[in-house]
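K.L.:
compute the structure for the input listed below.
(chains A and B)
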Amino acid sequence: DTGVSQNPRHKITKRGQNVTFRCDPISEHNRLYWYRQTLGQGPEFLTYFQNEAQLEKSRLLSDRFSAERPKGSFSTLEIQRTEQGDSAMYLCASSLDNGSEQFFGPGTRLTVL
Amino acid sequence: AQSVTQPDIHITVSEGASLELRCNYSYGATPYLFWYVQSPGQGLQLLLKYFSGDTLVQGIKGFEAEFKRSQSSFNLRKPSVHWSDAAEYFCAVGDNDMRFGAGTRLTVKP
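P.N.:
The predicted model follows:
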């Protein structure tokens, strides 16, 4: 399967712990995006990369959140000192370039107890 | 600031009936507009998109949408709904930092 993959699919953690999610985009895609989706809402943009460069970050991305794409391929999203309010589905998407269709992965569902 | 409003949280239609899902947007320039569908446990799938040109856009699965600049709308339509269309539908505006609406949940009655 050559779609966007995300791991893990589910993560349960205790408040205060750190978590890291991984996204593998479609191989030839230059752009990679992270979104957060809470129950009953649409996805909210967090950040995006052009190759390895992080070009934009939403105000939603507090200093507890960090994203990397070190080699311009896969990306990681780390949340430090998790809070219950971080419980959500974290979606990754990739696209060829600006304005191209974004292909979404299945998401990582985070539950913070 | 760009934003999207989907006024209908939940819509129920009978199988075979026509469907229209509403979307209104706020955007400073000519918008890139999208409709995505999300089924339970599935990722978001693009139904169609509008960048420029013909304001009536055809998508996959028999869906179409019409861009109306004067009304700041991009409503999604389908002439005959199938039971498999039951899902959550999201309208989105923008390009890199896409803004999504809150979604409309579609239920299809047999």
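
K.L.:
spatially nearest residue to the residue of chain A found nearest chain B, not counting backbone neighbours?
P.N.:
With CB to the nearest CB, the shortest gap between chain A and chain B falls at residue A:42, namely 3.1 Å. The way it works is simple: take the backbone N, C-alpha and C, and place the C-beta from them, glycine included. Closest residue in space to residue A:42, ignoring its immediate chain neighbours: residue B:100 at 3.1 Å, by CB to CB, 6 or more residues apart in numbering or on different chains.

K.L.:
circling back: isn't the residue of chain A closest to chain B up against residue B:104?
P.N.:
No: assessed by CB atoms under 8 Å, residue A:42 is found out of contact with residue B:104, at 10.1 Å.

K.L.:
out of these two, which sits in the busier spot?
P.N.:
Neighbours were counted for residue A:42 and for residue B:104 using other CB atoms under 10 Å in any protein chain shown; residue A:42 has more, 23 against 20.

K.L.:
quickly find the element holding the more buried one.
P.N.:
Using DSSP states H and E, residue A:42 maps to neither a helix nor a strand.

K.L.:
who's in contact with residue B:65?
P.N.:
B:23, B:33, B:35, B:47-48, B:50, B:56-57, B:59, B:74-77 (CB atoms under 8 Å, 6 or more residues apart in numbering or on different chains).

K.L.:
sorry, back to before: how near is the residue of chain A closest to chain B to residue B:54?
P.N.:
26 Å (CB to CB, to the nearest Å).

K.L.:
tell me the residues on chain A that lie near chain B, please.
P.N.:
A:3-4, A:31, A:33, A:40-45, A:48, A:55-56, A:58, A:91, A:93, A:98-99, A:101-107 (CB under 8 Å from any CB of the partner chain).

K.L.:
ok, back up a step: of the contacts of residue B:65 - the most surrounded one?
P.N.:
residue B:74 (28 neighbours).

K.L.:
quick one: find the helix or strand in chain A with the lowest mean pLDDT.
P.N.:
strand A:53-57 (a mean of 90; mean pLDDT, DSSP states H and E).

K.L.:
how about the CA coordinates for the helix or strand encompassing residue B:11, as CSV?
P.N.:
Assigned by DSSP H and E, residue B:11 falls within strand B:10-14. The C-alpha coordinates for strand B:10-14 follow below in CSV (Å, rounded to 0.1, in the frame of the first residue of the first chain):
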residue,chain,number,x,y,z
HIS,B,10,-26.8,16.3,10.8
ILE,B,11,-28.9,15.5,7.7
THR,B,12,-31.0,12.5,7.1
VAL,B,13,-32.2,11.6,3.5
SER,B,14,-33.9,8.6,2.0
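
K.L.:
what pLDDT, on average, does the helix or strand that comes right after that strand get?
P.N.:
Note on strand B:10-14: by DSSP H and E, the next helix or strand toward the C-terminus is strand B:19-21. The average of the pLDDT scores along strand B:19-21 is 98.
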